[in-house]
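> what follows is a predicted protein model with its sequence.
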Amino acid sequence: MNPDQYAVQDERNAVKKTGKVEDAVKLDINNLPDLLTVKEVANLLRVSPLTVKRWGARGKLSAIRINSRGDRRYKKEADGWYSGQCEELPEAISQAPTLKELKENIEDAIRLIFQFRREEAANKYKGQKVTRRKLQLV
């Protein structure tokens with residue numbers, strides 16, 4: 001395998017996912033088990049496992065609780081999922097079972113990106129005199 005393929009092999013010959021955007025397109029939902037773990041859903045949707053749990057708490061993803069610990073499993077549904085991306089902010093990418101939820105997820109992603117960038121700028125200019133103005137787009 002060469003490095004730009006979907007998977008790479010480590011010294012134990014185990015396959016690892018690379019997490020690149022172009023690699024997500026190569027995922028085949030038909031090759032996944034019927035019940036997915038939090039980690040599998042997170043890898044599929046290219047989000048963190050905590051995001052999957054948060055979406056579950058908000059009712060955006062419905063989980064099945066198994067065993068005495070209450071581990072979460074998610075049903076695989078090949079149909080009805082939408083994926084979207086903000087063209088002006090390519091990092092804002094998401095998937096959801098409905099267009100309404102997709103829009104909400106992308107809006108959440110945009111808010112998180114802006115929050116991260118504000119915090120990054122605040123740290124960069126910490127201790128310096130900075131003038132901030134609100135900008136409202138119409």
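Received, thanks.
> from G56, how far off is L44?
According to C-beta to C-beta, to the nearest Å, L44 stands 14 Å off from G56. Glycine gets a C-beta too; all of them are placed from N, C-alpha and C.
> compare these two (neighbour count), which wins?
It is L44, of L44 and G56, that has more neighbours when counted by other C-beta atoms under 10 Å, with 19 against 16.
> for the record, mean pLDDT for the helix or strand hosting F114?
Assigning secondary structure by DSSP states H and E places F114 in helix 99-124. The average pLDDT within helix 99-124 is 90.
> quick one: A57 is in a strand?
No: counting by DSSP: H, G, I helix; E, B strand; the rest coil, A57 is located in no strand; its state is helix.
> what's around the nearest residue to L35 once chain neighbours are set aside, how many residues?
Excluding the flanking residues, the one nearest L35 by C-beta to C-beta, 6 or more residues apart in numbering is R73, at 4.1 Å. R73 is flanked by 18 other residues according to other C-beta under 10 Å.
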